[in-house]
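1. Need coordinates for the following:
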Amino acid sequence: MGRGSMRRMAEKKIYAGIDIGGTKCAVILAQTDENSIDILKKEKFATEKDGDPYKIIERFCEILEEMKKNADYEAIGISCGGPLDSKTGTVKRPPNLPTWDDVPICSIISQRMGVPVYLRNDADACAVAEWKYGAGIGCENMVFLTFGTGFGAGLILGGRLYSGSSDRAGEIGHVRSERLGPVGYGKQGSFEGFCSGGGIAQLGYTIGLAHYQNGEKPAYWSSNRDEINAKTIADAADRGDKAGIEVYATCGKKMGEALSVLVDVLDPQKIVIGGIYPRSTELILPHMLPVIERECLPGVLERCQFVPAKLGEQIGDFAAICIAQEGEQKS
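-> Numbering: from 1, shown residues only. Prediction:
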């Protein structure tokens with residue numbers, strides 16, 4: 001029987017999802033089976049970093065209520081940056097959501113919507129999505145790396161999600177790489193400080209200022225730090241700008257160090273990298289690979305592939321829906 005026939009025979013279910021990111025939030029409605037996720041509807045809005053979480057949750061509920069008029073979904077999955085408690089469904093003041101301090105989001109939405117609600121760290125949720133539907137299909141041991149607002153790892157070990165005893169397994173971004181350096185995850189010189197959108201912006205300003213003071217004005221340079229970001233730096237680097245290339249070279253080397261730790265400790269078949277990486281692979285990879293080849297155990301490295309995430313811009317949508325699926329399968 002062909003794959004298409006199998007898909008047609010698979011039981012289809014409808015789930016809702018919420019993706020809470022550092023820059024945007026989205027509410028998703030999807031039809032699923034064991035082989036596919038089809039997005040039926042999506043509504044997104046900018047994240048209010050210092051906004052009232054209960055007002056934002058109210059907005060989620062209003063959108064979910066509207067969606068339920070047209071489709072009776074079975075459960076809701078929520079993907080959000082940690083720290084959080086997946087067992088109690090509580091968000092515990094993530095660095096990018098400082099006002100979300102012990103917010104019981106699952107119980108609030110479940111009581112309002114009358115369906116089960118499940119919560120997972122965004123790295124874990126994206127790991128499940130890429131494992132089931134993306135670049136990690138067929139892997140027993142896989143690492144997914146978020147590389148955007150933050151830098152963290154979701155772990156698939158032994159054919160199942162491993163999140164640790166407090167939902168914080170895989171927080172490679174919190175590991176300090178240098179005593180001094182850009183700040184990420186509240187720690188100076190951390191891997192997140194070098195390998196995240198905010199970290200790249202910090203590097204861009206510092207490296208750009210040095211070039212500027214030496215009489216070379218980088219193509220992305222602005223005295224207003226808010227105008228310097230990962231995209232403007234990448235665009236400049238793509239056009240041959242020396243400072244932009246240096247920024248991404250620094251990021252790539254630190255990425256190589258972080259990946260080397262993950263390879264040697266976890267021995268994965270694949271490390272799937274999302275966020276900025278798929279868009280800037282050519283700027284990062286040439287500086288990342290030599291570090292990995294130098295630092296990793298050879299026998300382990302030979303069995304590990306480094307690949308960009310396959311789900312692209314849909315990964316946050318798929319991640320939230322996968323958490324609803326996972327929760328219902330375990331219940």
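
2. what about the helices in the stretch 201-331 of the chain?
-> Along the stretch 201-331 of the chain, counting by DSSP state H, counting those that start in this stretch, helices occupy 230-238, 242-266, 276-295, 298-301, 315-330.

3. Redo those as TSV? Include mean pLDDT.
-> Supplementary listing: those in TSV, determined by pLDDT from 0 to 100:
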stretch	mean pLDDT
helix 230-238	96
helix 242-266	97
helix 276-295	95
helix 298-301	88
helix 315-330	90
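
4. could you dump the ones you listed to TSV with distance to Ile14 and mean neighbour count?
-> Any C-beta I mention is one placed from the backbone N, CA and C, and that applies to glycine too. Shown next, in TSV, are the helices of the stretch 201-331 of the chain (distance: least, Cβ to Cβ, whole Å; neighbours: other Cβ atoms under 10 Å):
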stretch	distance to Ile14	mean neighbour count
helix 230-238	35	21
helix 242-266	35	22
helix 276-295	29	18
helix 298-301	42	12
helix 315-330	10	24
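
5. Tell me which of these lies nearest to Ala125.
-> Proximity to Ala125 (Cβ to Cβ) singles out helix 315-330 among the helices of the stretch 201-331 of the chain, at 3.7 Å.

6. Also compute the angle for that closest one relative to helix 276-295, please.
-> Between helix 315-330 and helix 276-295, the angle comes out at 80 degrees (axes from the mean of the first three to the mean of the last three Cα atoms, to 10 degrees).

7. other SSEs contacting helix 315-330?
-> Contacts defined by 3 or more Cβ pairs under 8 Å, 6 or more residues apart in numbering; DSSP states H and E place helix 315-330 against strand 13-20, strand 24-32, strand 37-46, strand 76-80, strand 117-121, helix 122-133.

8. would you list these in a markdown table and tack on distance to Ala258?
-> As requested, the helices and strands packed on helix 315-330 are arranged in a markdown table below (distance: least, Cβ to Cβ, whole Å):
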| stretch | distance to Ala258 |
| --- | --- |
| strand 13-20 | 24 |
| strand 24-32 | 25 |
| strand 37-46 | 29 |
| strand 76-80 | 22 |
| strand 117-121 | 18 |
| helix 122-133 | 13 |
